[in-house]
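> model the following, please.
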Amino acid sequence: MEGSIVFKHHEPWNKGKLIGQKAPLKLKEIWAIRVRLELSKRIRDLALFNLAIDSKLRACDLVKLKVRDISHGDRIASRAIVMQQKTERPVQFEITEQTRKSIAEWLQLATLRSDSFLFPSRIHESPHLSTRQYARIVNDWVEEIGLDPVNYGTHTMRRTKASLIYRRTKNLRAVQLLLGHTKLESTVRYLGIEVDDALEMAEQTEV
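This is a model prediction of the structure:
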């Protein structure tokens, strides 16, 4: 009808999506992805996967890493420190031997300079992997080992080692430092440990 207003129906952005924290990977899932990447000779992806697990960095910080951030000349550092984009505070992380090995193989293959981004984008408009590209890569990894990508994401990579460390040590302060959180409450919420611990105790209690 002329002069009438037509209201368009917009689907809510979260319709059909799982809202909330993304699940961390279990040890067997870490190794399942790692072995697949090794067997298929995906050298860049293996370096990215290993470093994502070790560094526990947010996606926005991980994709902007430069070669010089994790190396001293030709040697990959065993520890690195970066400034977090979100908090503008430094955070330190370890780089394990297997991660150093995979990064060295990637650097050799890609012939990157010290000031190069560690993971350059294959799209000309972006000098490094975008967070969106990284998210798609993570989706591929989890899907390949039979997991539902709806339940996993880039925060899976950030949470995985932190969750494993907490499970083994119950040391919240250590995990807080490793994640670069300013408040301990943030770490508790991020790991979802209160809920997990409560369920664990419930499972062990017979009535």
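
> now do residue 193, the pLDDT please.
In this model, residue 193 is scored at 65, pLDDT.

> check residue 18 too.
Residue 18 carries a pLDDT value of 40.

> where does the protein have low pLDDT?
1-20, 193-207 (pLDDT under 70).

> find the centremost residue of it, please.
Against the mean C-alpha coordinate of the chain, by CA atoms, centre = their mean, the closest residue is residue 157 at 2.7 Å.

> burial count for residue 104?
15 (other CB atoms under 10 Å). Every residue, glycine included, has its C-beta placed from N, CA and C.

> strands of the chain, start to end?
Assigned strands in the chain, in chain order: 71-72, 75-76, 79-83, 90-94 (criterion: DSSP state E).

> pull out the buried residues from the third one.
Under the neighbour-count criterion of 16 or more other CB atoms under 10 Å, strand 79-83 has 80, 82 buried.

> how far off centre is the top helix by length along the chain?
Secondary structure of the chain per DSSP state H: the longest helix is helix 154-169. Mean C-alpha position of helix 154-169 versus that of the full chain (CA atoms, centre = their mean, to the nearest Å) differs by 10 Å.

> picking up where we left off before, out of the strands of the chain, the one nearest residue 127 is which?
strand 79-83 (17.1 Å; CB to CB).

> elements contacting the closest one?
Helices and strands touching strand 79-83, by 3 or more CB pairs under 8 Å, 6 or more residues apart in numbering; DSSP states H and E, are strand 90-94.

> picking that back up, run through the residues that contact the residue nearest to the centre of the chain.
With contacts defined as CB atoms under 8 Å, 6 or more residues apart in numbering, residue 157 is in contact with 25, 49, 52, 53, 59, 62, 138.

> how does it look with 6 Å?
Residues near residue 157 by CB atoms under 6 Å, 6 or more residues apart in numbering: residue 52.

> how near is it to residue 72?
According to CB to CB, to the nearest Å, residue 157 and residue 72 sit 25 Å apart.

> for residue 55, same thing?
Distance from residue 55 to residue 72, by CB to CB: 17 Å.

> same deal with residue 63?
22 Å.

> neighbour count winner among the two?
residue 63 (23 against 10).

> ok, and the closest non-adjacent residue to the more buried one?
Spatial nearest neighbour of residue 63, excluding adjacent residues (CB to CB, 6 or more residues apart in numbering): residue 129 at 4.5 Å.

> how far away is the one you found from residue 40?
From residue 129 over to residue 40 the distance is 19 Å, taken as CB to CB.

> these two: which has the busier surroundings?
residue 129 (25 against 11).

> mind listing what the more buried one touches?
Residue 129 touches 63, 119, 121, counting by CB under 6 Å, 6+ apart.
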